[in-house]
Structures are given as structure tokens and as C-alpha cells.
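coordinates for the following, if possible.
(one chain, ligands or ions: 1)
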Amino acid sequence: MKNIIATTIISLGFLLSAGNSTAQNANHVYSYPVGTSIINLLAESQGQGNKGILIGATDEMIAACAPEGTFPNAMNAFLVQMPSQTVLVDAGLGRELFNNLESLGVSPSQIDIILLTHMHGDHTGGLLREGVVMFPNAKLYLSQPEYDYWMGDEKFKQQQQIIAAYKDQLHLFQPCELGKSTTDLVPGLTAYAAYGHTPGHTIYMLESGGEKLLVWGDLTHAMALQMPYPQVAVTYDVNPDDAIAARKQVLEYVSKYNIPIAGMHVAYPAMGSIKRQASGGYSFIPF
Ligand SMILES: [Zn+2]
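Below is the predicted model:
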């Protein structure tokens, strides 16, 4: 009997892991060319967000956009493969991240650069495993205001542990202002301020072979609501008013210049284009 149970458990384990590798292709990884580079979705999970996280959504908005009280959501990081460098944008939860990288044939030691949008746990979870640096050859880029925020209170132990572990690889910088200043952070990648979700929340423009794509981090958490109604915030925003202003500014910019976007909480394939609606809101057209 014990043997049968053991065999069953082993078979189940095999089936589950086989299921995982299929899922890796089905909704965890998606690749899209931008000029001479490739941006790859590295999804941790696909799921549903709940209306309980929304701030400022009226009953009418929820009835129109999320009648069940839920909306599609995901947790994503992205891998940008450029001719001269391999760049990870955020590090997810660290659960599927390494399987996703492996499915693309990329090992953690091959990552040259990590760009952090901010330091919430669903964006930094893959940086350490049991205190060990998982990307030993990467330079870790973090905006100065984001660093200052998380270093400013001893209760932020998790973030401070990451910063301490990566101290020899850490590069602090001041993001540019969207539409006002542009200086490459590294060749082909520019950092822009989009403060509000966190005090140093930063978004990254990829420019390659004459094409652009904006990785906008946590500019949205509920696409179904926040595209038609950018004034809806979420309870995770450290400063909801600033987050709303940043979202409106970025949506206006990418729709005006027709720049596609990639988002950390946008459901699979997590990338697409933004169109301004006559109503004043926006719509998202996934790739
Ligand atoms: Zn997030």
C-alpha cells in the first residue's frame, strides 16, 4: 500500500512538473521584437484581482468594467535581450522566474543588468534566495528616491537586506522627466520618474533599431478599470494622488507617440498598445 501511494505521489509530481513546463510556454513566457532587441515576458502568475483593492471606483465603473467584482491580473518581470547586453527588468516573486529564464536558455549568471521599477516584494523576490545573491554578474539599478524611501525606516528589513547583499553591484541614479529630459541610463534604456505607487517608482524606455517600448512597472494594477478610468487608484499605492497623476501623464504620452507598453500587472501577453478614447479614457490593445 505504501509503495502504491509513493508511486502515485511520484507520478503526480511528474505530472505537475510536466504541467508546469507546458504552462511555461502557454502563459508564462512571450517574446516580442523591438528593433534589434527582444523583450520577453517572464510571468510569475495569471489570476484575478479583486475590487477591494480599488480606490475611487464608483459602482457604475465596477458594473461596467468588472461586473463580477474581479478583473484579470498577473505578476510579471521582463527580460530584454539586446545585441550588447542582457537586461532583467524587476525580479518577480522568484518562483517561476528561474524556470522562465531557463525556458529562454538564459542563466542567472548571464544577466548583465537588472533595472528595478520599485522594491515591493513581487518585484524583488528573485534577487536573493536564502540570503544568497542570485545574479552575481549583474549591475543593479535603483532610483535614488526609491533607495532613500526603503532605507529611511528600519521596518523595511526585507528591502534593506537586498540592498546590503547587492551593495557592490548597486548603481543609484536620478530618473529623467518624461517629455522633458532624456539621458540613457545604459545604452538603449532610459529611466523616467513615475512616482506615486512608491516614492521612487521608475519606468524604463527601451529604444532599439529605431523602435521603442516602455516598461511601465506598476503604473496599473487593474487594467480593466484603470484604462477607461485612470483616476482609479489602488490600496498598494503609497501616494494614490501622485500615482494617478503619473498614470495620466504616461498614458497621454504613449498614446500620443504610439509607443507600446509592457506592464508588471498586465495579464498575458502583458504587452500591447494604448489608444486614447473619445470619452477621455484609454483602451489597451494586447499584442
Ligand atoms: Zn507590483
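
only C-alpha atoms from now on, for both contacts and neighbour counts.
Fine.

can you show me the helices along the stretch 51-200 of the chain?
59-65, 97-103, 121-124, 144-151, 157-165 (DSSP state H, counting those that start in this stretch).

please save the CA atoms from the first one in PDB.
What that stands for is helix 59-65. Output of helix 59-65 as PDB, limited to C-alpha atoms (Å, rounded to 0.1, in the frame of the first residue of the first chain):
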ATOM      1  CA  ASP A  59     -20.500  51.300  -8.500                       C
ATOM      2  CA  GLU A  60     -21.100  52.400 -12.100                       C
ATOM      3  CA  MET A  61     -17.500  51.900 -13.100                       C
ATOM      4  CA  ILE A  62     -17.400  48.400 -11.500                       C
ATOM      5  CA  ALA A  63     -20.700  47.400 -13.100                       C
ATOM      6  CA  ALA A  64     -19.300  48.400 -16.500                       C
ATOM      7  CA  CYS A  65     -15.800  47.100 -16.200                       C
END
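
which stretches of the stretch 101-250 of the chain have low pLDDT?
The model of the stretch 101-250 of the chain has no residue with pLDDT under 70.

hmm, try it at 90
For the stretch 101-250 of the chain, the stretches with pLDDT under 90 are 181-182.

quick one: the strands in it?
113-115, 128-129, 132-133, 139-143, 170-173, 184-186, 189-193, 202-208, 211-215, 233-234 (DSSP state E, counting those that start in this stretch).

looking at those strands, which is nearest to Ser37?
Smallest distance to Ser37 across the strands of the stretch 101-250 of the chain (Cα to Cα): 6.2 Å, for strand 202-208.

that closest one: how far from the chain's middle?
Remark: strand 202-208 is offset 12 Å from the chain centroid, using Cα atoms, centre = their mean, to the nearest Å.

neighbours of Thr58, just the number please.
Counted with other Cα atoms under 10 Å, residues neighbouring Thr58 total 11.

same deal with Pro286?
Pro286 is flanked by 16 other residues according to other Cα under 10 Å.

my guess is it meets Val266, correct?
No - using Cα atoms under 8 Å, Pro286 is not in contact with Val266, being 9.4 Å away.

contact partners for Phe287?
For Phe287, the contact set (Cα atoms under 8 Å, 6 or more residues apart in numbering) comprises Pro269, Met271, Gly272, Ser273.

what's across from the residue nearest to the first one when sequence neighbours are not counted in the sheet?
Read that as Pro269. Nearest non-adjacent residue to Pro269, counting by Cα to Cα, 6 or more residues apart in numbering: Tyr30, 6.2 Å away. Per DSSP bridges, residues listed as beta-bridge partners of Tyr30: Leu41.

thought Tyr30 was touching Ile38?
No - assessed by Cα under 8 Å, Tyr30 is found out of contact with Ile38, at 10.1 Å.

so for the two, which residue has more residues nearby?
Tyr30 (21 against 17).

picking that back up, helices - which of the contacts of Phe287 land there?
Assigned to helices by DSSP state H, none of the contacts of Phe287 qualify.

just the buried ones among those residues, please.
Pro269, Met271, Gly272, Ser273 (16 or more other Cα atoms under 10 Å).

out of those residues, which are inside strands?
Counted as lying in strands by DSSP state E, out of these, are Met271, Gly272, Ser273.

can you tell me which of these lies closest to Gly280?
Of these, the one sitting nearest to Gly280 (Cα to Cα) turns out to be Ser273, at 16.4 Å.

okay, now Gly209: neighbour count?
Number of residues near Gly209 (other Cα under 10 Å) recorded here: 10.

thank you kindly, that will do.
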